[in-house]
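Asks: the following comprises the amino acid sequence and a computationally predicted model.
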Amino acid sequence: MRILVTGGAGFLGSHLCERLLSEGHDVLCVDNFFTGRKRNIAHLMSNPYFEVMRHDVTFPLYVEVDQIYNLACPASPVHYQHDPVQTTKTSVHGAINMLGLAKRLGARIFQASTSEVYGDPEVHPQPESYWGKVNPIGIRSCYDEGKRCAETLFFDYYRQHALSIKVARIFNTYGPRMHPNDGRVVSNFVVQALKGEDITIYGEGQQTRSFCYSDDLIEGFVRLMNSPYELTGPVNLGNPNEFTIRELAEKVIELTGSKSKLIFKPLPEDDPKQRQPDISQAKSDLQWYPTVELKEGLIKTISYFDELLKTADID
Ligand code: NAD
Ligand code: UDP
Ligand code: UDP
């Protein structure tokens, strides 16, 4: 198949392109390189079945493909809050354009949605049936509400135009090729530990997250995309093993053998207190569940950042 991956030069997108190429598909990576990097896809450039197009999904796109994975959108709070209007446009106009493209082609389309649609949840763990508690006007809203509106558009194109849609709600995922400066907790802690700098815990570190390793998540993407038409999602994809941020910091220090100290900084506005996916639907419908433990995934991620920090070009 010819498969379009928007956001293909990003952390998750680059792993997805690699996986699809390894299955023998023809892959078109579309990216505006806001948070994505050429370094993430450099090893794929010599593959004749891989093509890259610099393009912003907020503008229409006319190409011919059989499937579309729509991942374009900055994912880290630091990046998505840098230009919040562009973040909402990317989710909303990007979804409209990619859905319009899918409609013209009769192509199946996958949306990378997020656990952020649950906001600061009052239900724990979060099942897909939970509607969420999201602040519509806060500093995270450009991302949360943008993604919620994208989900609305996906389901309206499904109902109105019988488009084949697949919506994944992704929970915190980490692994090699995360941007070293993107401000997310795993990359921050690992880079700080490797450099011997203080580890910055926001708040008291009692808030929780459940961390999924990238390879596990990509397996979930491919299974959901290739599931029967009726299986639209939304489906939670994430690792249900929940840790406090303090526990994560201690694990990173232990695995790197770093002498870094923990320091405490103010908790960002609207920071969710706890987050854990209920993945019973993914288990029963896709026979999918994560297999990589936090320790094992962190070791691979630490080794990636260790190599990266040895090179001059970490932009
Ligand atoms: P990332 O920032 O590494 O990748 C996003 C990619 O999209 C980048 O390559 C960026 O340059 C590109 N992009 C941004 N705006 C664009 C635009 N207007 N046009 C074209 N390309 C654009 O982030 P990631 O972690 O790989 O996330 C990928 C997707 O998964 C995002 O949609 C994100 O919301 C979603 N997601 C990720 C996580 C996670 O924990 N990693 C969790 C929930 C959802
Ligand atoms: N679009 C696109 N590529 C296509 C077809 C459509 O980018 O191959 C965009 C186009 O900008 C359009 C949007 O998708 O505005 C929505 O398309 P749709 O056909 O649903 O609506 P309409 O064209 O009527 O606005
Ligand atoms: N966090 C932290 N120190 C950091 C970066 C993040 O304590 O250097 C916290 C952040 O406040 C949040 C959690 O770690 O409670 C996860 O943050 P991240 O930005 O990775 O993802 P999200 O908040 O979107 O889940």
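Replies: Structure received. Ligands and ions are numbered 1, 2, ... in the order given.
Asks: mind listing what's buried along the helix or strand Tyr157 falls within?
Replies: Per DSSP states H and E, Tyr157 falls inside helix 141-161. Neighbour-count burial for helix 141-161 flags 141-148, 150-151, 153-155, 157-158 (criterion: 16 or more other CB atoms under 10 Å). The way it works is simple: take the backbone N, C-alpha and C, and place the C-beta from them, glycine included.
Asks: give me the helices and strands touching it, please.
Replies: helix 77-80, helix 84-105, strand 108-114, strand 165-170 (3 or more CB pairs under 8 Å, 6 or more residues apart in numbering; DSSP states H and E).
Asks: and with 7 Å instead?
Replies: helix 84-105, strand 108-114, strand 165-170 (3 or more CB pairs under 7 Å, 6 or more residues apart in numbering; DSSP states H and E).
Asks: what does it rub up against?
Replies: 80, 84, 87-88, 91-92, 95-96, 99, 103, 111, 113-114, 116-117, 119, 134-136, 163, 165, 167, 232, 234 (CB atoms under 7 Å, 6 or more residues apart in numbering).
Asks: of those residues, which are in range of ligand 1?
Replies: Restricting the contacts of helix 141-161 to those touching ligand 1 (CB under 6 Å from any ligand atom) yields Thr114.
Asks: just the buried members of the contacts of helix 141-161?
Replies: Buried subset of the contacts of helix 141-161 (neighbour count, 16+ other CB under 10 Å): 80, 87-88, 91-92, 95-96, 99, 111, 113-114, 116-117, 119, 134, 163, 165, 167, 232, 234.
Asks: show me what contacts the residue in the stretch 1-150 of the chain positioned nearest to ligand 2?
Replies: Here the stretch 1-150 of the chain gets closest to ligand 2 at one residue, Gly100, 1.9 Å apart by CB to the nearest ligand atom. Gly100 makes contact with no residue, according to CB under 7 Å, 6+ apart.
Asks: separation between it and Lys310?
Replies: As judged by CB to CB, to the nearest Å, Gly100 and Lys310 stand 45 Å apart.
Asks: next one: Ile41
Replies: 21 Å.
Asks: ok, the two, which is more surrounded?
Replies: Ile41 (23 against 9; other CB atoms under 10 Å).
Asks: what does the helix or strand harbouring the more buried one rub up against?
Replies: Using DSSP H and E, Ile41 sits within helix 38-41. By CB under 7 Å, 6+ apart, the surrounding residues in contact with helix 38-41 are 8-10, 14, 17, 29, 52, 177.
Asks: quick check: closest non-adjacent residue to the most far-flung residue of the chain relative to its centre.
Replies: Most distant residue from the mean C-alpha position of the chain: Lys259, 30.4 Å away (CA atoms, centre = their mean). Nearest non-adjacent residue to Lys259, counting by CB to CB, 6 or more residues apart in numbering: Gly196, 6.0 Å away.
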